[in-house]
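In: just need the structure, nothing else, for what follows:
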Amino acid sequence: MDFERKELSILQQRVLEKRNFLQVIVGPRQVGKTTLVKQLMHKIELPTILESADSVDSLNETWIAQIWESARLKITAQNVPEVLLIIDEIQKISNWSEQVKKLWDEDSLHGTNIKVILLGSSRLLLQKGLTESLAGRFELLPLSHWTFSEMKEAFGWSASQYAWFGGYPGSVFLIQDENRWKDYVRNSLLETTISKDILLLTQVNKPALLKRLFELGSLYSGQILSYTKMLGQLLDAGNTTTLSHYLDLLDTAGLLGGIEKYATNSIHKRASSPKFQVYNSAIIAAQSDLHYQDIILQPKEWGRVIESAIGVHLINACKTSSMKLFYWREGNDEVDFVLTKGEQLIGIEVKTNAKRSTQGMRKFNERFSPNKLLLVGSEGIPWEDFLSMEVEMLF
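Out: Modelled structure (predicted):
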């Protein structure tokens with residue numbers, strides 16, 4: 001694929017600099033991490049070794065040292081000043097961070113110029129290893145799900161297609177056969193992410209509960225649901241602490257987030273009921289009984305899809321920036337999304353039909369005096385235009 005994400009130029013610039021930091025690319029499955037480094041390899045004239053730990057035994061603790069040694073030998077054998085070593089799915093190997101730290105520090109001590117890129121789809125495992133062992137030695141390059149602008153430029157998609165089929169570039173050629181597309185997303189993307197990036201790598205005592213929470217959260221994307229109500233909908237649900245933990249795992253995997261309520265008191269934020277938000281619209285569509293041609297003719301259902309698509313746009317933008325995303329509700333008054341950046345505050349209401357009240361926006365304005373109030377949809381910014389905007393440019 002010829003399309004290049006903006007992160008490619010950032011990565012290229014960093015790799016061509018003097019060896020200072022490990023480069024760590026982290027993001028959900030099927031967002032183009034491996035494609036990104038392969039495109040990089042074609043752009044730079046640098047001897048490169050690309051290896052993946054995806055099919056390596058997780059207990060094989062000598063594997064990293066072996067491929068690292070091959071990079072060292074490449075410098076000697078080819079008489080080159082530097083080599084680029086790229087390791088994909090690094091988090092699959094036990095104690096990977098300790099091994100990388102040892103080898104990186106050895107090279108730093110001896111002046112061996114091996115530049116390193118690490119890739120991983122489990123943000124939770126990567127973050128743990130990075131903060132515990134590699135503090136001060138790495139730069140993070142987060143890769144999010146594809147935006148509407150990217151899908152439009154790469155594949156000519158409309159905003160409506162993006163709102164339903166989402167941002168998985170590898171699934172594009174399947175959408176003409178929607179049942180096949182749904183099977184692919186469910187089995188090859190969602191099930192694989194849960195099995196390989198969560199259940200295989202973290203302690204989950206009730207895997208069936210985590211899967212049911214994911215299904216429930218996807219169904220209610222864009223809606224606020226208290227943990228107490230969740231307990232009523234989930235059999236053998238344990239307690240609210242367990243549900244909160246599982247939602248955190250789904251969030252770090254880039255599947256489902258729980259947006260907190262906006263409050264000036266951080267304790268009130270954490271105590272709030274979460275607003276479910278998928279990270280990719282395909283997650284909703286793949287698990288729905290409805291098809292694209294049917295749902296666009298149902299105003300109420302389609303309005304929910306659009307609101308969730310706006311949430312997708314916002315939550316992914318916040319994952320790769322210093323912005324934070326909340327919702328606000330007090331009694332019957334509600335604001336769909338609240339964006340913060342430092343001390344700046346923006347309220348965003350998504351209005352997809354003429355009947356919906358904007359009373360919540362007025363109350364929010366009186367209470368917090370935000371920098372901006374934005375209405376997206378009918379009577380405001382067309383939702384299609386909003387999906388095309390760089391979210392940080394709103395500030």
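In: what sits against the spatially closest residue to residue 143 that is not a sequence neighbour?
Out: The shortest distance from residue 143 to any non-neighbouring residue, by C-beta to C-beta, 6 or more residues apart in numbering, is to residue 27 (3.3 Å). Using the backbone N, CA and C atoms, a C-beta is placed for each residue, glycine as well. For residue 27, the residues meeting the contact criterion (C-beta atoms under 8 Å, 6 or more residues apart in numbering) are 33, 121, 123, 142-144, 254.
In: mind doing that once more with 10 Å?
Out: 7, 33, 36, 119-121, 123, 141-145, 254, 316, 319-320 (C-beta atoms under 10 Å, 6 or more residues apart in numbering).
In: which of those residues are buried?
Out: Burial by neighbour count, judged by 16 or more other C-beta atoms under 10 Å, picks out 7, 33, 36, 119-121, 123, 141, 143-145, 254, 316, 319-320 from these.
In: sketch out the low-pLDDT regions of the stretch 1-150 of the chain for me.
Out: The stretch 1-150 of the chain contains residues with pLDDT under 70 at 1, 122-127.
In: just to revisit the earlier point, out of the buried ones among the contacts of residue 27, which sit inside helices?
Out: Of the positions in the buried ones among the contacts of residue 27, 7, 33, 36, 123, 316, 319 sit in helices, assigned by DSSP state H.
In: can I assume the last one is in contact with residue 325?
Out: Yes: the pair residue 319 / residue 325 is scored as a contact, 9.2 Å apart, by C-beta atoms under 10 Å.
In: common neighbours of these two, please.
Out: Applying C-beta under 10 Å, 6+ apart, one finds that residue 319 and residue 325 are jointly contacted by residue 257.
In: surely residue 19 forms part of a strand?
Out: No: the assignment for residue 19 (DSSP: H, G, I helix; E, B strand; the rest coil) gives coil, which keeps it out of a strand.
In: who touches it in this structure?
Out: Residues touching residue 19, when contacts are defined by C-beta under 10 Å, 6+ apart, comprise 82, 104, 107-108, 111-116.
In: how much space separates it from residue 141?
Out: In this view, residue 19 and residue 141 are 16 Å apart by C-beta to C-beta, to the nearest Å.
In: next: residue 62.
Out: Per C-beta to C-beta, residue 62 is found 28 Å from residue 141.
In: related to what we said a few turns ago, of the buried ones among the contacts of residue 27, closest to residue 289?
Out: Sorting the buried ones among the contacts of residue 27 by distance to residue 289 puts residue 145 at the head of the list, at 23.4 Å, by C-beta to C-beta.
In: wait, that closest one sits on residue 312?
Out: Yes: taking contacts as C-beta under 10 Å, residue 145 lies within contact range of residue 312: 7.2 Å.
In: overlap in contacts, these two.
Out: Common contact partners of residue 145 and residue 312 (C-beta under 10 Å, 6+ apart): 166-167, 278-283.
In: mind listing which of those are in strands?
Out: Cross-referencing the shared contacts of residue 145 and residue 312 against strands under DSSP state E gives residue 278.
In: for residue 346, state which of the shared contacts of residue 145 and residue 312 is nearest.
Out: For those, the nearest to residue 346 is residue 279 (20.6 Å; C-beta to C-beta).
In: residue 107: what's it in contact with?
Out: Remark: with contacts taken as C-beta under 10 Å, 6+ apart, residue 107 is in contact with 19, 68, 71-72, 75, 85, 113-116.
In: helix or strand: which one has it?
Out: For residue 107, the element it lies in under DSSP states H and E is helix 96-110.
In: if you count neighbours, what's buried in that helix?
Out: Of the residues in helix 96-110, those buried under the neighbour-count criterion (16+ other C-beta under 10 Å) are 96-97, 99-101, 103-104, 107.
In: got JSON lines for those, with distance to residue 348 too?
Out: JSON lines is the format used below for the buried residues of helix 96-110 (distance: C-beta to C-beta, whole Å):
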{"residue": "96", "distance to residue 348": "40"}
{"residue": "97", "distance to residue 348": "38"}
{"residue": "99", "distance to residue 348": "45"}
{"residue": "100", "distance to residue 348": "41"}
{"residue": "101", "distance to residue 348": "42"}
{"residue": "103", "distance to residue 348": "46"}
{"residue": "104", "distance to residue 348": "43"}
{"residue": "107", "distance to residue 348": "47"}
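In: and which of these is nearest to residue 329?
Out: Using C-beta to C-beta, residue 97 is the member of the buried residues of helix 96-110 that lies nearest residue 329, at 40.4 Å.
In: contact partners for the closest one?
Out: When the contact criterion is C-beta under 10 Å, 6+ apart, the partners of residue 97 are 90-91, 118, 125-126, 128-134, 137-138.
In: tell me the bridge partners for residue 351.
Out: residue 377 (DSSP bridges).
In: what number of residues lie near it?
Out: For residue 351, the neighbour count with other C-beta atoms under 10 Å is 21.
In: mind checking pLDDT for it?
Out: Per-residue confidence at residue 351 stands at 87 (pLDDT).
In: and it, what is it in contact with?
Out: For residue 351, the set of contacting residues under the criterion of C-beta under 10 Å, 6+ apart consists of 303, 306-307, 336, 357-358, 361, 375-380, 383.
In: at 7 Å what do you get?
Out: Residues in contact with residue 351 (C-beta atoms under 7 Å, 6 or more residues apart in numbering) are 358, 375, 377-380.
In: for residue 47, same thing?
Out: Applying C-beta under 7 Å, 6+ apart, we find residue 47 in contact with 74, 78, 80, 83.
In: quick one, which of the residues you listed are buried?
Out: The buried subset of the contacts of residue 47 - by 16+ other C-beta under 10 Å - is 74, 83.
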